[in-house]
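Enquirer: Below is the sequence, then the predicted model.
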Amino acid sequence: MSYATIMVLLDPSRRSHHRLEVAAQLAATHHAALIGMIASQRPDPAWVYRLPDGVRYLADIRARHQQDCEVVRRAFDRATEALPIAAKWHAFDGHPLAIGQREARLADLLVVGQDDPADPAAFVAQDFVESIVLGSGRPVLAIPRVGRFAAIGSRVLVCWDGGREAARAILDALPLLRKARAVTLACCAAAGNSDDEWSAPPEYAVSWLVAHGVSADVQHLAPAARADIGERLLSAAADVQADLIVAGAYGHSRFRELVLGGVTRTLLDCMTVPVLFSH
């Protein structure tokens, strides 16, 4: 298994250029083609037309969007022209969330930016990254809104709970895990929970990885309240100096995690290193 095509979703924000650098480096490392695509906020014309002078307002928005597209496209061309990879700019017209989920089927891996409430230019849609993770059918690599990441995947922390999403995540991350210098499977049980006979022990994951040429260590973290497991995993990533976290997204119902909190929600909101989400 390898990544043949990587897609990066870009926007006019200040962090977009670093995200592009990361995606281009990954494409070069994995000898993959790179597809660039802009994803920025697009107001609903039906709503805009209701505003006073809505027609002119909508025309101004569309003109600004076209300008943003051209600026980001030129940045994409500059970042990829000297790389030994095939690079293609993918233009589209429509709602960015629907288009992003649909066009994701062109790629083996999506690269997106963490939601950034402090930068209006980064806003695409409410819970955009979460929606892409849940709806794209592809692994999604989210780059944090702060920090620079010169290399990704040298030291990897895999969040392992023995469930379906975790098993899917290590499969989706296999091209990255094969190139890693160190892989750690971190296990953190919810306090007070009994063992789940349907969950695979970490030793199963280790054996599976060995069969695919990947050596991994297991780290058992102290049990924690369910709402604190995500923070415990982020701390473990810092302890092993991980530059990538691999996690299955929403092992419990999405509604339950939104109401009670959960690992996925914590990683989405508080990531300190890039996170590869798989669902």
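Expert: Ah, there it is.
Enquirer: ok, and what's touching stretch 119-131?
Expert: For stretch 119-131, the external contacting residues (C-beta atoms under 8 Å, 6 or more residues apart in numbering) are 11-16, 39-41, 95-97, 100-101, 112-116, 140, 142, 145, 264, 268. From N, CA and C alone the C-beta is placed, and that goes for glycine too.
Enquirer: buried set for it?
Expert: 119, 122, 124-125, 128-131 (16 or more other C-beta atoms under 10 Å).
Enquirer: As a check, name the ranges of all helices in the stretch 101-250 of the chain.
Expert: 128-135, 164-172, 174-179, 202-211, 229-239 (DSSP state H, counting those that start in this stretch).
Enquirer: now the ones you listed as TSV including mean pLDDT?
Expert: Below are the helices of the stretch 101-250 of the chain laid out as TSV (pLDDT from 0 to 100):
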stretch	mean pLDDT
helix 128-135	90
helix 164-172	95
helix 174-179	97
helix 202-211	96
helix 229-239	95
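Enquirer: low-confidence ranges in the stretch 51-200 of the chain?
Expert: Along the stretch 51-200 of the chain, the parts satisfying pLDDT under 70 run over 51, 53-58, 61, 192-196.
Enquirer: Now do the strands in it.
Expert: 87-89, 109-113, 140-143, 155-159, 182-190 (DSSP state E, counting those that start in this stretch).
Enquirer: So which residues make contact with the fourth one?
Expert: Read it as strand 155-159. Here strand 155-159 has contacts from 166, 169-170, 173, 176-177, 180-186, 188, 205, 216, 233, 236-237, 240-248, 263, using C-beta under 8 Å, 6+ apart.
Enquirer: try the second one
Expert: Strand 109-113 is touched from outside by 3, 5-9, 11, 13, 15-16, 19, 22-23, 26, 32, 39, 104, 122, 128-129, 132, 136, 138-143, 145, with contacts defined as C-beta under 8 Å, 6+ apart.
Enquirer: could you redo the last one with a cut-off of 6 Å?
Expert: Contact with strand 109-113 is made by 3, 6-9, 15, 19, 23, 104, 129, 132, 138-143, as judged by C-beta atoms under 6 Å, 6 or more residues apart in numbering.
Enquirer: what does the first one give?
Expert: Under the contact criterion C-beta under 6 Å, 6+ apart, strand 87-89 has outside partners 34-36, 73, 76, 80.
Enquirer: okay, those residues in JSON lines with distance to Val273 and neighbour count next?
Expert: Shown next, in JSON lines, are the contacts of strand 87-89 (distance: C-beta to C-beta, whole Å; neighbours: other C-beta atoms under 10 Å):
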{"residue": "Leu34", "distance to Val273": "22", "neighbour count": "27"}
{"residue": "Ile35", "distance to Val273": "24", "neighbour count": "23"}
{"residue": "Gly36", "distance to Val273": "23", "neighbour count": "25"}
{"residue": "Arg73", "distance to Val273": "29", "neighbour count": "17"}
{"residue": "Phe76", "distance to Val273": "24", "neighbour count": "26"}
{"residue": "Thr80", "distance to Val273": "24", "neighbour count": "20"}
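Enquirer: which pair in these spans the largest distance?
Expert: Leu34 and Arg73 (13.2 Å; C-beta to C-beta).
Enquirer: who's in contact with the nearest residue to His31 once chain neighbours are set aside?
Expert: Closest residue to His31 apart from its sequence neighbours, by C-beta to C-beta, 6 or more residues apart in numbering: Ile85 at 7.2 Å. Ile85 is in contact with 27-28, 34, counting by C-beta under 6 Å, 6+ apart.
Enquirer: The same query, at a cut-off of 10 Å, please.
Expert: 6, 24, 26-34 (C-beta atoms under 10 Å, 6 or more residues apart in numbering).
Enquirer: Just the buried subset of these, please.
Expert: Buried, going by 16+ other C-beta under 10 Å: 6, 24, 26-27, 29-30, 32-34, out of the contacts of Ile85.
Enquirer: Return the subset of those residues lying in helices.
Expert: The members of the buried ones among the contacts of Ile85 that map onto helices under DSSP state H are 24, 26-27, 29.
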